[in-house]
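Chemist: Sequence first, then the predicted structure:
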Amino acid sequence: MAAKSGLRVYSKRRNIKKSGEPAGKRPKKRSGTKKPIFVIQKHAASHLHYDFRIEYNRVLKSWAVPKGPSLNPATKRLAMVTDDHPMSYAKFEGVIPPGNYGAGTVMVWDIGTYKNIKEKNGKAVSMRECFKRGTVEIFLSGKKLNGGFALIRTGSDGDHWLLIKMRDEYASARKNPVNTEKKSALTGRTMAQIKKDAQDGGS
Ligand code: MN
């Protein structure tokens, strides 16, 4: 099944009663911060990856980034489109039990807000237009990541994108937060602690 817009595919792929994940509902009105949110979830599924999600039209547009974000503008990270996720997924942390889609530990690795910074000829470009053109440029204000990141669609199937750090004061060829930041931005837990808490009957 190819990744599709809207939450129907999200709901179809999983049994949320068994998986413990949020229901695939789109709120009629958005609540919370004025600024749109982003979240990066570290997901130890069959292959460890980072799910990069940004709010758009009351869902979380999502990409799976196998190697996670890099702060080095010279490093292009593959980002594969995955299904839109519900807004409430942004604070989902826990263990998806064996036998369920995406089984494994999920950590809220980073969370915060973003700003669309895409311009053309000095004029702001809407997110809608950015998605249409396959060139998203956003400024992240997270607990771990800050600064501009570009998501660039590549190839013809629509699912292959690249996640690239934009050149600004937050760029670094030396820092590697994917390796050095090992705790949840939400709960301060490590992947092992999240797993243990789930085994002990918590979440
Ligand atoms: Mn995932």
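Modeler: Sure, I can see it. Computed from a prediction, not measured in an experiment: that's the story for all the values here.
Chemist: For the strand ranked longest in the chain, give the mean pLDDT please.
Modeler: Scanning the chain for the strand with the most residues, using DSSP state E, yields strand 104-116. Averaging pLDDT along strand 104-116 yields 98.
Chemist: Report the spatially nearest residue to residue 13, omitting neighbours in sequence.
Modeler: residue 101 (4.9 Å; C-beta to C-beta, 6 or more residues apart in numbering). (C-beta placed from N, C-alpha, C; glycine too.)
Chemist: Count the residues that sit near that neighbour.
Modeler: Residue 101 is flanked by 15 other residues according to other C-beta atoms under 10 Å.
Chemist: Now do the same contact list for residue 184.
Modeler: With contacts defined as C-beta atoms under 8 Å, 6 or more residues apart in numbering, residue 184 is in contact with 93, 107-109, 190, 194.
Chemist: again, only this time at 7 Å
Modeler: Taking C-beta atoms under 7 Å, 6 or more residues apart in numbering, we find residue 184 in contact with 93, 107-108.
Chemist: Same check on residue 84?
Modeler: Residues near residue 84 by C-beta under 7 Å, 6+ apart: 5-7, 10, 59-62.
Chemist: circling back: starting from the longest strand of the chain, tell me which strands it pairs with and how they run.
Modeler: With DSSP bridges as the test, strand 104-116 is paired with strand 37-44 (antiparallel), strand 94-96 (antiparallel), strand 135-142 (antiparallel).
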